[in-house]
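Colleague: I need the structure of the sequence given here:
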Amino acid sequence: MDIDKRRRFIINFIYFFIIAAIIYVVLKYGISLIAPFLFAFIVAFILKRPIAFFSRKLHMKRTFAAILLVILFYVSLGAIISFIGVRIFIAARDFIFALPGLYTGEIQPFLVRLFENIESYAKKIDPALISILDDFSSDLLQSLGNLISSFSVNIVTAVSSYASSLPVFLVKLLFAFISTFFITIDYDNVVAFLLRQLPEKKRDLVLTAKDHLFHTLGGYGRSYALIMGITFIELSAGLTIIGVENSVYIALLISVVDILPVLGTGGVMIPWAIYSFLQANAAFAVKLIVVYVVITIIRNIIEPKIVGTHVGLPPLVTLLAMFVGTRLFGVIGLFGLPITLSLLKNMNDQGVIHIFK
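Modeller: Okay, here's the model as predicted:
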């Protein structure tokens, strides 16, 4: 009897391991192959109701309404991306050009003064330390100079790498654009065809999963809107206390950036603190760091709790899913794995699937 249980456990473990491995390989490597068509289908789904509305209100054929809204969507999306991209490019260009001057005019003199002060104190303690500090300071300044010089080269290399991949991106974008027209014009027939390829039970499962998915996405959106609001209030209070002008507007900007996983609050406040420190305003830099640390601690505590509450997962499971998802799939995994687990849990609770006990 025990041998049968162990055999079933091993078989089930191998089965789920193979399924998980297949899903991982598909998401990691296969999703890029169908990404243009998947994006086109998502856009078609988003535009489904607006197309029906305009077609009904303007007494326009669905085909014409679909073409009009698809063009309007992509033009608007392109304008937004172009505007943001140009702003980022200009800011990055100005920063790169200003970096050598900032180093020679601010960073290097500050470090020289810092080491001179340290040497004056060390001389009182042990004169033998002077030579060691001289060697260390010269090596550090040389290393920083080389780092600044190589930074521009690395930036140019990265830009060249992105530029070389631009034709592939444009081809994918073209396929997505064309596919959106075909899918949008004949959306109902496309969906009906895809559903007919599934057995009836699987068809019901897919439709149920779709409903749960959008419910989960809505909960995700509400949770991060709440997190952004809390971060905005904390930043407004903290920046006001330390005497920052226009603290509310700056807090609003940082709270929006905080939603971005790559940047976050530290993407603004840490460079701000470093710049203040180099400007001989160490007290203000310390205040900025304190505000940043407090907000980061609170964010790491409330994020799993809020997200888990809105998507129906315990905070510990949400935190674990966010960490594992980020390690496996990057930014997509940060959001995707908790959403997937929430979807599976909701469907399991309603008896649609049977995975968890």
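Colleague: quick one: residue 292 from residue 307, how far?
Modeller: To residue 307, residue 292 is 21 Å away according to C-beta to C-beta, to the nearest Å. For the C-beta atoms, the positions are set from N, CA and C on the backbone; glycine is no exception.
Colleague: what helices or strands is the strand or helix carrying residue 255 leaning on?
Modeller: In the assignment (DSSP states H and E), residue 255 maps to helix 247-258. Helix 247-258 sits against helix 200-241, helix 266-278, with contacts defined as 3 or more C-beta pairs under 8 Å, 6 or more residues apart in numbering; DSSP states H and E.
Colleague: just name the most buried of those helices.
Modeller: helix 266-278 (a mean of 17; mean count of other C-beta atoms under 10 Å).
Colleague: between helix 200-241 and the next helix-or-strand element following it, find me the angle.
Modeller: Note on helix 266-278: by DSSP H and E, the next helix or strand toward the C-terminus is helix 282-311. Interaxial angle of helix 282-311 relative to helix 200-241 (axes from the mean of the first three to the mean of the last three C-alpha atoms, to 10 degrees): 150 degrees.
Colleague: list the buried ones in helix 282-311?
Modeller: For helix 282-311, a neighbour-count test (16 or more other C-beta atoms under 10 Å) marks 284-285, 287-289, 291-292, 295-296, 299, 302-304, 306-311 as buried.
Colleague: rewinding a little: could I get the helices and strands packed on helix 247-258 as CSV with mean pLDDT and distance to residue 251?
Modeller: Output for these, formatted as CSV (pLDDT from 0 to 100; distance: least, C-beta to C-beta, whole Å):
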stretch, mean pLDDT, distance to residue 251
helix 200-241, 80, 4
helix 266-278, 78, 10
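Colleague: pipe those helices into a markdown table and attach distance to residue 57 per row.
Modeller: Below are the helices and strands packed on helix 247-258 laid out as a markdown table (distance: least, C-beta to C-beta, whole Å):
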| stretch | distance to residue 57 |
| --- | --- |
| helix 200-241 | 25 |
| helix 266-278 | 44 |
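Colleague: what's the closest of the ones you listed to residue 86?
Modeller: Checking those against residue 86 by C-beta to C-beta gives helix 266-278 as the closest, at 19.3 Å.
Colleague: convert that closest one to PDB, retaining C-alpha atoms only.
Modeller: The C-alpha coordinates for helix 266-278 follow below in PDB (Å, rounded to 0.1, in the frame of the first residue of the first chain):
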ATOM      1  CA  GLY A 266      15.100  55.000  -5.600                       C
ATOM      2  CA  GLY A 267      15.500  55.800  -9.300                       C
ATOM      3  CA  VAL A 268      14.800  59.400  -8.400                       C
ATOM      4  CA  MET A 269      15.700  59.900  -4.800                       C
ATOM      5  CA  ILE A 270      19.100  58.200  -4.700                       C
ATOM      6  CA  PRO A 271      20.500  60.200  -7.600                       C
ATOM      7  CA  TRP A 272      18.900  63.300  -6.000                       C
ATOM      8  CA  ALA A 273      20.600  62.600  -2.700                       C
ATOM      9  CA  ILE A 274      24.000  61.900  -4.400                       C
ATOM     10  CA  TYR A 275      23.800  65.200  -6.300                       C
ATOM     11  CA  SER A 276      22.900  67.100  -3.100                       C
ATOM     12  CA  PHE A 277      25.800  65.400  -1.300                       C
ATOM     13  CA  LEU A 278      28.200  66.500  -4.100                       C
END
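Colleague: figure out which of the helices and strands packed on helix 247-258 is closest to residue 108.
Modeller: The nearest among the helices and strands packed on helix 247-258, by C-beta to C-beta, is helix 266-278 at 10.2 Å.
Colleague: which residues are in contact with that closest one?
Modeller: 102, 106-107, 110, 253-254, 257, 260, 282, 284-286, 288-289, 291-292, 296 (C-beta atoms under 8 Å, 6 or more residues apart in numbering).
Colleague: okay, stretch 6-22 in PDB with CA atoms only?
Modeller: Extracted in PDB, the C-alpha atoms of stretch 6-22 (Å, rounded to 0.1, in the frame of the first residue of the first chain):
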ATOM      1  CA  ARG A   6       4.900   6.500  -3.300                       C
ATOM      2  CA  ARG A   7       4.500   5.400  -6.900                       C
ATOM      3  CA  ARG A   8       1.500   7.700  -7.400                       C
ATOM      4  CA  PHE A   9       3.300  10.500  -5.700                       C
ATOM      5  CA  ILE A  10       6.400  10.100  -8.000                       C
ATOM      6  CA  ILE A  11       4.200   9.800 -11.100                       C
ATOM      7  CA  ASN A  12       2.200  13.000 -10.100                       C
ATOM      8  CA  PHE A  13       5.400  14.800  -9.300                       C
ATOM      9  CA  ILE A  14       7.000  14.000 -12.600                       C
ATOM     10  CA  TYR A  15       3.800  14.900 -14.400                       C
ATOM     11  CA  PHE A  16       3.500  18.300 -12.800                       C
ATOM     12  CA  PHE A  17       7.200  18.900 -13.200                       C
ATOM     13  CA  ILE A  18       7.000  18.200 -17.000                       C
ATOM     14  CA  ILE A  19       4.000  20.500 -17.300                       C
ATOM     15  CA  ALA A  20       5.800  23.300 -15.400                       C
ATOM     16  CA  ALA A  21       8.900  22.800 -17.500                       C
ATOM     17  CA  ILE A  22       6.800  23.000 -20.700                       C
END
